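S.K.: sharing a model that was predicted from the sequence below.
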Amino acid sequence: DAMVIQNPRYQVTQFGKPVTLSCSQTLNHNVMYWYQQKSSQAPKLLFHYYDKDFNNEADTPDNFQSRRPNTSFCFLDIRSPGLGDAAMYLCATSRDRNRPQHFGDGTRLSIL
Amino acid sequence: TQLLEQSPQFLSIQEGENLTVYCNSSSVFSSLQWYRQEPGEGPVLLVTVVTGGEVKKLKRLTFQFGDARKDSSLHITAAQPGDTGLYLCAAFGGTASKLTFGTGTRLQVTL
């Protein structure tokens, strides 16, 4: 049974049109992460939540924001997607910091 | 920034062959993880190694953590098409909570 669920699996949006990606978890983990992964590259951490505490990576563009309304759900908002934002977006969870992470199957985002 | 270099970057082999993937760094890590990612899916954790010199086996996969905890290797015996995927090493630093991924090794195993 999937424990980290991302919806949708594929998302197409227009240049500049806001888009929201969602992630839910059944593991009751404290930490939730969002990664961006471009073709044949390693995942790049955008930000993470430790419970309700938001931690942004220094090089994450302002265009990317996140919300975590409760333990189970976390959202990635891209305010004005550019062509360079086309990528696979991965959500992950871990019981605590410095613990193994469990990944969802990702949302592949295309920009028209 | 802690950098994890993987080699080779790409590997295409035939079923039944053996292979080794390397993950190297100049930094010391408290632990190191190996993930496999199949096309269209998220990374799946294969193993975590913690102790310098540690060897762990997972069926045909053998993982080793270097004595100095700066490097690791993944050896696959008698590769099968189901082993095809992107192999990523990843590690937390001494006090950092950020998981740093290696540069990745894309493996293709053909019949």
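M.R.: Here it is on my side, so go on.

S.K.: what number of residues lie near residue 82?
M.R.: No chain specified, so I'll use chain A. By the criterion of other Cβ atoms under 10 Å in any protein chain shown, residue A:82 has 12 neighbours. Every residue, glycine included, has its C-beta placed from N, CA and C.

S.K.: that answer is for a different chain, and I need it for chain B
M.R.: For residue B:82, using other Cβ under 10 Å, the count is 9.

S.K.: do a quick rundown of the strands in the chain.
M.R.: I'll assume chain A. Applying DSSP state E to chain A gives strands spanning A:4-7, A:10-13, A:19-25, A:31-37, A:44-50, A:53-56, A:64-67, A:73-78, A:87-94, A:102-103, A:107-111.

S.K.: right idea, wrong chain: chain B
M.R.: Under DSSP E, chain B gives strands at B:5-7, B:10-14, B:19-24, B:31-37, B:44-49, B:55-58, B:61-65, B:71-76, B:85-92, B:99-101, B:105-110.

S.K.: specify the angle between the second one and strand B:19-24 in degrees.
M.R.: The reference is to strand B:10-14. On the basis of axes from the mean of the first three to the mean of the last three Cα atoms, to 10 degrees, strand B:10-14 is oriented at 160 degrees to strand B:19-24.

S.K.: residues making contact with strand B:10-14?
M.R.: Residues outside strand B:10-14 that contact it (Cβ atoms under 8 Å, 6 or more residues apart in numbering or on different chains) are B:19, B:21, B:79, B:105-111.

S.K.: switch the cut-off to 7 Å
M.R.: For strand B:10-14, the surrounding residues in contact (Cβ atoms under 7 Å, 6 or more residues apart in numbering or on different chains) are B:19, B:79, B:105-110.

S.K.: Provide a list of residues in contact with the residue in chain B positioned nearest to chain A.
M.R.: Nearest residue of chain B to chain A: residue B:42, at 3.3 Å (Cβ to the nearest Cβ). Contacts for residue B:42 (Cβ under 7 Å, 6+ apart) come out as A:90, A:103-106.

S.K.: which of these has the most neighbours?
M.R.: residue A:90 (29 neighbours).

S.K.: hang on, the earlier thing: can you name the two of the contacts of strand B:10-14 that are farthest apart?
M.R.: B:105 and B:110 (16.2 Å; Cβ to Cβ).

S.K.: next, see if the worst-scoring helix or strand of chain B on mean pLDDT gets close to chain A.
M.R.: Lowest on mean pLDDT, DSSP states H and E among the helices and strands of chain B sits strand B:99-101, with a mean of 88. Yes - applying Cβ under 7 Å from any Cβ of the partner chain, one finds strand B:99-101 in contact with chain A at B:99, B:101.
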